[in-house]
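K.L.:
Give me the fold of what follows.
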Amino acid sequence: MNGIDRKAARRSPVFAKGALAALVLSVAAAAFWQTPARSAEDAVVIPPPAVDEKAASGTEKAVFAGGCFWGMQGVFQHVKGVSKAVSGYTGGSAENAVYEVVGTGRTGHAESVEITYDPSKVTYGQLLQVYFSVAHNPTQLNYQGPDEGTQYRSTVFAENGEQKKIAESYIAQLGKAKVFGKPIVTTLETGKTFYPAEDYHQDFLTLNPTYPYIVYNDLPKIANLKALFPGLYSEKPVLVLASSKS
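P.N.:
The predicted structure follows:
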């Protein structure tokens with residue numbers, strides 16, 4: 001899709017009211033289905049990481065970017081051991097962590113997801129395996145499916161030295177195994193701050209399961225997670241807005 005159609009198709013319905021809402025959503029849906037687009041990403045069966053963190057108690061955080069955060073968040077909300085997955089922006093400054101500004105592709109931010117998890121139930125390496133296998137396509141440079149721009153880049157934002165080591169090792173391992181058929185373009189960034197996205201972006205996949213973009217691009221990722229990682233799959237997602245109100 002071109003930039004205008006993509007913006008219309010991905011606009012949250014909270015901005016429109018009444019008849020205008022119906023018009024915006026109907027035009028967005030028509031534009032989405034009638035405009036030629038790259039197909040939804042296929043899952044790839046990949047080996048687990050040879051290097052991983054040791055199981056430990058407590059909670060840790062991981063931050064990944066790989067296309068629209070709606071799908072990324074949706075996938076990790078269904079992973080056992082994950083207590084929270086928040087959509088947001090990483091790579092730029094606090095003042096530029098605003099959806100419309102990030103969308104210009106000039107802020108340094110990438111749409112990302114911050115994952116809070118229990119390493120005794122799911123390890124950082126297992127999260128990376130899900131990330132590379134079903135959450136996005138790591139061979140696409142500065143685009144993901146229909147979305148184009150550096151804000152949709154494939155990036156692992158390592159929180160510490162151990163995560164950096166594990167990610168570097170896994171990227172090299174997958175590259176050597178040639179499981180994707182194309183070179184992995186995922187970058188590794190450190191020392192970046194994660195900023196939560198606006199509330200209307202949180203839990204978007206769960207709250208809008210019939211939205212055309214979600215149906216075509218993101219629901220297949222949830223199905224792939226369930227099929228390829230049945231031991232990690234949780235039928236009930238952990239929701240951001242629900243936890244914030246409890």
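K.L.:
Every contact and neighbour count from this point should use C-alpha atoms.
P.N.:
Noted.
K.L.:
Look up the pLDDT of the residue lying closest to A43 once chain neighbours are set aside for me, please.
P.N.:
Spatial nearest neighbour of A43, excluding adjacent residues (Cα to Cα, 6 or more residues apart in numbering): V134 at 4.7 Å. As predicted, V134 sits at a pLDDT of 97.
K.L.:
What about V134, how many residues nearby?
P.N.:
V134 has 25 neighbouring residues, counting by other Cα atoms under 10 Å.
K.L.:
P196: what's it in contact with?
P.N.:
Neighbouring residues of P196 by Cα atoms under 8 Å, 6 or more residues apart in numbering: 86-89.
K.L.:
about what we covered before: a helix runs through the residue nearest to A43, doesn't it?
P.N.:
Yes - under DSSP: H, G, I helix; E, B strand; the rest coil, V134 sits within a helix.
K.L.:
Columns neighbour count, secondary structure and pLDDT on top of the contacts of P196, output as CSV?
P.N.:
As requested, these are exported to CSV (neighbours: other Cα atoms under 10 Å; DSSP: H, G, I helix; E, B strand; the rest coil; pLDDT from 0 to 100):
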residue, neighbour count, secondary structure, pLDDT
V86, 30, strand, 98
S87, 29, strand, 98
G88, 27, strand, 98
Y89, 31, strand, 98
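K.L.:
so where's this protein shaky on pLDDT?
P.N.:
Counting by pLDDT under 70, the chain shows low-confidence ranges at 1-41, 243-246.
K.L.:
per-domain residue ranges of it.
P.N.:
Domain assignment for the chain, taken from automatic domain parsing, gives 1-37, 41-245.
K.L.:
Assign the residue nearest the centre of the chain to helix, strand or coil.
P.N.:
In the chain, the residue lying closest to the centroid (Cα atoms, centre = their mean) is M72, at 2.1 Å. State at M72, reduced to three classes by three-state DSSP: helix.
K.L.:
Could you report the distance from it to V122?
P.N.:
M72 is 17 Å from V122, where distance means Cα to Cα, to the nearest Å.
K.L.:
now do A50
P.N.:
According to Cα to Cα, A50 and V122 sit 15 Å apart.
K.L.:
Which of the two has more residues huddled nearby?
P.N.:
In terms of neighbours (other Cα under 10 Å), V122 is the more surrounded of A50 and V122; the figures are 17 against 10.
K.L.:
quick one: the more buried one and A62 touch, right?
P.N.:
No - here V122 lies out of contact with A62, judged by Cα atoms under 8 Å, at a distance of 11.7 Å.
K.L.:
and among the domains of the chain, the most buried is which?
P.N.:
Mean neighbours per residue, mean count of other Cα atoms under 10 Å, is largest over the domains of the chain for domain 41-245, with a mean of 19.
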